[in-house]
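Q: Give me coordinates for this.
(one chain, ligands or ions: 3)
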Amino acid sequence: CHASTDTNDTSLRKDYLPVHGVSEVIVGVLGGGQLGRMLCQAASEMAIKVMVLDPLVNCPASSIAYDHMVGSFDDSETVHEFAKRCAVLTVEIEHVDVGTMEKLEQQGVDCQPKASTIRIIQSCRINISRKVHFSRHGIPLPDFMQVPRGQVTYLGYPLMLKSRRLAYDGRGNAVAKNDEELTSAVNALGGFARGLYVEKWTPFVKELAVIVGRGRDNSISCYPVVETIHKENICHVVKGSCSLELFLTKDGQVLLNEVAPRPHNSGHHTIESCYTSQFEQHLRAVLGLPLGDPSMKTPAAIMYNLLGEDEGEPGFHLAHQLIGRALNIQGTAVHWYDKPVEAQLKSMLKDEGSETQTAVSPCVGIIMGSDS
Ligand code: ATP
Ligand code: MG
Ligand code: MG
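A: Ligands and ions are numbered 1, 2, ... in the order given. Below is the predicted model:
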């Protein structure tokens with residue numbers, strides 16, 4: 001890609017360096033997990049330098065990032081220091097300190113997505129304003145309410161309790177089918193004090209996800225809809241081809257579950273199955289490059305997300321067996337996320353008590369980009 005000196009939104013921004021091309025640009029990513037790692041992989045093809053900020057010395061992106069600043073993306077001072085070294089700041093996780101991003105924007109730092117977008121998405125889980133925001137735009141949602149103690153059962157069982165903060169991979173969710181389960185669900189999520197809201201259980205027939213890229217010129221590229229199958233609220237299989245997480249109900253309604261302003265684990269298959277992967281698309285979008293072609297180049301694709309979290313050694317063993325089998329199937333690709341083991345993580349993370357900050361290992365995605 002040859003950068004132009006034009007400030008026109010469809011070409012590379014002038015201040016990003018139009019001298020030698022994108023290789024001069026440093027894209028800063030808040031978070032160096034599996035998504036950060038895959039962003040680094042996509043970036044290397046265009047010689048874009050990706051620098052990550054992550055508290056773990058051996059975070060998944062660390063070994064392939066142009067640079068890794070060890071530090072918390074929740075710590076204002078650290079994020080300020082980090083931002084000084086980057087031409088553009090983006091995220092692989094929405095649980096970042098949005099107040100700091102707002103300050104950085106005021107100081108002229110280019111944040112993509114904008115802090116205001118992240119604020120709306122965080123509020124998705126933080127308060128009802130999310131619902132108001134989406135409702136105002138006519139987007140159908142599951143029934144929901146803040147959890148006012150004593151009125152929790154107003155929506156009727158079964159209920160899905162959700163913690164407002166730092167939830168991912170279903171770790172902030174708990175289902176309750178009766179009063180007894182409600183008590184244990186509230187306890188499992190750390191009690192009312194932790195901040196909870198409740199959604200009516202949606203008896204969906206399918207879960208769907210759509211990744212949408214938006215360029216700086218507001219061009220939109222939409223990836224094919226995928227079906228996601230969750231096991232214990234964790235994405236297990238992705239079939240098909242930001243991701244919007246949707247519920248398809250028996251009567252054909254499509255309800256919005258969640259929005260993520262970043263690459264998403266329902267889109268890993270795009271690396272093998274689409275002309276432009278979601279990771280390359282993200283980089284193109286944040287740098288103001290023209291968006292690529294999101295259509296599939298394989299007739300179909302399926303991804304298995306393997307998590308060995310609870311099984312310990314047997315988990316590793318099973319993962320290795322499955323990887324061995326996958327490597328023998330034509331058209332299959334294996335992506336090892338290289339996540340540090342949980343015990344290691346626990347000892348490294350500041351907030352050891354937090355259920356939501358523990359990660360899983362081994363984690364691997366097996367992508368079959370063929371129609372076999
Ligand atoms: P992630 O960010 O990793 O997608 P999360 O922790 O933010 O996960 P949600 O997406 O809210 O959690 O929920 C995880 C899964 O739990 C959903 O994909 C779905 O399978 C189930 N779920 C969530 N809300 C409901 C609901 N209201 N009714 C039925 N199932 C639900
Ligand atoms: Mg989420
Ligand atoms: Mg979700």
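
Q: can you list the weak-confidence ranges in the stretch 201-350 of the chain?
A: 240-242, 307-316, 341-350 (pLDDT under 70).

Q: Recalculate using a threshold of 90.
A: 201-203, 216-217, 230-244, 257-261, 265-266, 288, 297-350 (pLDDT under 90).

Q: Could you identify the helix or strand that succeeds the longest helix seen in the chain?
A: In the chain, with assignment by DSSP state H, the single longest helix is helix 313-327. For helix 313-327, the following helix or strand on the C-terminal side (DSSP states H and E) is strand 332-336.

Q: which strands and helices sit next to that next one?
A: helix 270-273, helix 313-327, strand 363-368 (3 or more C-beta pairs under 8 Å, 6 or more residues apart in numbering; DSSP states H and E). C-betas here are computed from N, CA, C, even on glycine.

Q: returning to that earlier point: any buried residues in the longest helix of the chain, and which?
A: G315, A319, L322, I323, A326 (16 or more other C-beta atoms under 10 Å).

Q: One more: stretch 111-124?
A: Quick answer for stretch 111-124 (16+ other C-beta under 10 Å): C111, Q112, P113, A115, T117, I118, R119, I120, I121, Q122, S123, C124.

Q: One more: stretch 85-101?
A: 86-98, 100-101.

Q: Likewise for stretch 22-32?
A: V22, V25, I26, V27, G28, V29, L30, G31, G32.

Q: Y66 is in contact with the third one, correct?
A: So the one you mean is I26. Yes: between I26 and Y66 there is a contact under C-beta atoms under 8 Å: 6.9 Å.

Q: In terms of pLDDT, where does V175 sit?
A: In this prediction, V175 carries a pLDDT score of 88.

Q: residues in contact with it?
A: P158, L159, M160, L161, E181, A185, W201 (C-beta atoms under 8 Å, 6 or more residues apart in numbering).

Q: Mind giving me the packing neighbours of the helix or strand hosting the third one?
A: Same thing as M160. Taking DSSP H and E as the definition, M160 sits inside strand 159-163. Judged by 3+ C-beta pairs under 8 Å, 6+ apart, the packing partners of strand 159-163 are strand 173-176, helix 179-188, strand 196-200.

Q: so how far is the longest one from its chain's centroid?
A: Shown here is helix 179-188, whose average C-alpha point lies 28 Å from the average C-alpha point of the whole chain (C-alpha atoms, centre = their mean, to the nearest Å).

Q: Between strand 332-336 and the longest helix of the chain, find me the angle.
A: 150 degrees (axes from the mean of the first three to the mean of the last three C-alpha atoms, to 10 degrees).

Q: Could I get the CA-only coordinates of helix 313-327 as CSV?
A: The C-alpha coordinates for helix 313-327 follow below in CSV (Å, rounded to 0.1, in the frame of the first residue of the first chain):
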residue,chain,number,x,y,z
GLU,A,313,-2.8,-32.1,32.6
PRO,A,314,-5.6,-34.2,31.1
GLY,A,315,-6.8,-31.0,29.4
PHE,A,316,-3.4,-30.5,27.8
HIS,A,317,-3.4,-34.1,26.8
LEU,A,318,-6.8,-33.9,25.2
ALA,A,319,-5.9,-30.7,23.4
HIS,A,320,-2.7,-32.3,22.0
GLN,A,321,-4.7,-35.3,20.8
LEU,A,322,-7.2,-33.1,19.0
ILE,A,323,-4.4,-30.9,17.5
GLY,A,324,-2.7,-34.1,16.3
ARG,A,325,-6.0,-35.2,14.6
ALA,A,326,-6.6,-31.7,13.2
LEU,A,327,-3.2,-31.6,11.7
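
Q: who does that helix touch, helix- and strand-wise?
A: strand 301-307, strand 332-336, strand 363-368.

Q: Could you export the second one as CSV, CA atoms only?
A: If I follow you right, that is strand 332-336. Provided in CSV are the C-alpha atoms of strand 332-336 (Å, rounded to 0.1, in the frame of the first residue of the first chain):
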residue,chain,number,x,y,z
THR,A,332,-7.4,-27.4,8.7
ALA,A,333,-5.3,-24.8,10.5
VAL,A,334,-4.4,-24.9,14.2
HIS,A,335,-3.9,-21.7,16.2
TRP,A,336,-2.3,-22.1,19.6
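
Q: Can you tell me the strand partners of it and which way each runs?
A: Within its sheet, strand 332-336 is paired with strand 363-368 (antiparallel), according to DSSP bridges.

Q: now the longest one
A: Here the strand partners of strand 301-307, with direction, are listed using DSSP bridges: strand 234-240 (antiparallel), strand 363-368 (antiparallel).

Q: For the strand holding M160, C-alpha coordinates in PDB please.
A: Output of strand 159-163 as PDB, limited to C-alpha atoms (Å, rounded to 0.1, in the frame of the first residue of the first chain):
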ATOM      1  CA  LEU A 159     -33.100 -15.500  34.700                       C
ATOM      2  CA  MET A 160     -29.600 -14.700  33.500                       C
ATOM      3  CA  LEU A 161     -27.800 -12.600  36.100                       C
ATOM      4  CA  LYS A 162     -24.900 -10.600  34.700                       C
ATOM      5  CA  SER A 163     -22.200  -8.700  36.600                       C
END
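
Q: roughly how far apart are N305 and ligand 1?
A: 10 Å (C-beta to the nearest ligand atom, to the nearest Å).

Q: that older thread, for I26 and Y66, list the residues in contact with both.
A: K49, V50, M51.

Q: Let me have those residues in JSON lines, adding secondary structure and neighbour count as columns.
A: Output for the shared contacts of I26 and Y66, formatted as JSON lines (DSSP: H, G, I helix; E, B strand; the rest coil; neighbours: other C-beta atoms under 10 Å):
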{"residue": "K49", "secondary structure": "strand", "neighbour count": "19"}
{"residue": "V50", "secondary structure": "strand", "neighbour count": "28"}
{"residue": "M51", "secondary structure": "strand", "neighbour count": "21"}
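
Q: Sounds good, over and out.
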